[in-house]
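Student: Here is the input, now give the coordinates:
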Amino acid sequence: MGAGNDERTPRVPRQGRGDWLRGARIVGVLGVLYRPEGRLAEPEAVEFLLADGQSVLLTCGSDWTVRIGPGAWPRLPDWCVPTGQWEFAAVSGLPRTPDGGWTVTGTEERGDERGEVREVVIRCEGGRFVVGGGDTLTIRFTRGHRGAPATA
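Tutor: Below is the predicted model:
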């Protein structure tokens, strides 16, 4: 699913636009990890893989903000230097992707008093992903509207 009329146009989210991913199907979620920190490392970025072949990359800034942009799956982000020190990996604590993926019903960018995005919520049928900024990104999946923790 692309933005605009051209299906080949990459989906580029715009800050403050609440439905920039509505209708997309998420078929995978991968963390971008720095290999020397080992498998228990927190992701420096999270890439949402979409059924149409595109991806969305969420990264954290040094000011603990969350940045949203187009991904380049299966290529690592340009800032992963040297590339041999970085990898995509499953994010612990997230449930297995259901057959057909998760259909996005809406998105929300939560900011601070200066309008900086600190947290992104991607609502899907069956739950929601919540991605927060910090030293590294945090990501969790909750089921239902009450925020009950998901089971993996």
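
Student: Hmm, residue 111 is touching residue 117, no?
Tutor: Yes: with contact defined as CB atoms under 8 Å, residue 111 counts as touching residue 117 (5.3 Å). (Each C-beta comes from the backbone N, C-alpha and C, glycine too.)

Student: Comparing these two, which residue is more hemmed in?
Tutor: residue 117 (21 against 14; other CB atoms under 10 Å).

Student: pLDDT score assigned to that one?
Tutor: pLDDT, residue 117: 90.

Student: So which helix or strand of this structure has the lowest pLDDT on average?
Tutor: Here the helix or strand of the chain ranked lowest by mean pLDDT, DSSP states H and E is strand 148-149, holding a mean of 42.

Student: where along this structure do the helices fall?
Tutor: Per DSSP state H, the chain has no helices. Nothing in it meets that criterion.

Student: How much space separates the nearest residue to residue 73 once chain neighbours are set aside from residue 67?
Tutor: Leaving out its chain neighbours, the residue that sits closest to residue 73 by CB to CB, 6 or more residues apart in numbering is residue 55, at 4.0 Å. Using CB to CB, to the nearest Å, residue 55 is found at 14 Å from residue 67.

Student: So between the two, which is more surrounded?
Tutor: Counted by other CB under 10 Å, residue 55 and residue 67 do not tie: residue 55 has more neighbours, with 22 against 14.

Student: how much space is there between that one and residue 96?
Tutor: The spacing between residue 55 and residue 96, counted by CB to CB, is 19 Å.

Student: Kindly report the same for residue 118.
Tutor: Distance from residue 118 to residue 96, by CB to CB: 28 Å.
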